[in-house]
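Have a look at this fold, sequence not included:
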């Protein structure tokens with residue numbers, strides 16, 4: 001069965017790229033798996049979706065997300081399901097916003113990535129499992145003899 005995939009564009013500043021790298025490395029340590037960059041984004045958004053809307057709004061106010069966005073484009077491949085989850089978060093936030101503004105997806109992606117190092121291990125493992133079930137790339141399997149030459 002082929003899962004529908006697409007490329008997601010992240011426009012990042014150098015500081016934003018550092019957030020992506022730090023989150024990716026943290027998730028690799030937690031899962032003990034070599035995962036794709038798009039899987040990191042997918043897990044981050046899966047985890048963010050479990051937070052209450054009020055907590056998401058509070059985190060958006062708390063963090064300077066504008067300085068993390070920038071001119072450098074980075075493309076990561078992930079399941080189409082990632083877009084659905086991220087969009088549902090923007091809709092939740094819009095419903096609670098006094099001015100009815102919906103955050104853009106880039107803001108949601110950055111906020112989600114920032115939550116990875118703050119999340120508990122079991123929450124990240126649960127988000128990782130949900131991401132895999134909804135089409136994230138499965139980590140490469142290692143054979144016993146792969147490291148022995």
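Good, I have the coordinates. In this text, all values refer to a predicted model and were calculated from it rather than measured experimentally. Numbering: from 1, shown residues only.

For this protein, which segments count as strands?
Secondary structure of the chain (DSSP state E): strands at 5-12, 72-79.

Tell me what angle the last one forms with strand 5-12.
Spelled out, that is strand 72-79. 150 degrees (axes from the mean of the first three to the mean of the last three CA atoms, to 10 degrees).

Buried residues in strand 72-79, which are they?
For strand 72-79, the neighbour count (16 or more other CB atoms under 10 Å) marks 76-79 as buried. (Each C-beta comes from the backbone N, C-alpha and C, glycine too.)

Including distance to residue 56, could those go into CSV?
Listed next are those as CSV, based on distance: CB to CB, whole Å:
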residue, distance to residue 56
76, 21
77, 25
78, 20
79, 21
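
neighbours around residue 109, how many?
28 (other CB atoms under 10 Å).

one step back: tabulate the strands of the chain in a markdown table, adding columns for mean pLDDT and distance to residue 19.
Listed next are the strands of the chain as a markdown table, based on pLDDT from 0 to 100; distance: least, CB to CB, whole Å:
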| stretch | mean pLDDT | distance to residue 19 |
| --- | --- | --- |
| strand 5-12 | 88 | 8 |
| strand 72-79 | 91 | 12 |
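
Thank you kindly, that will do.
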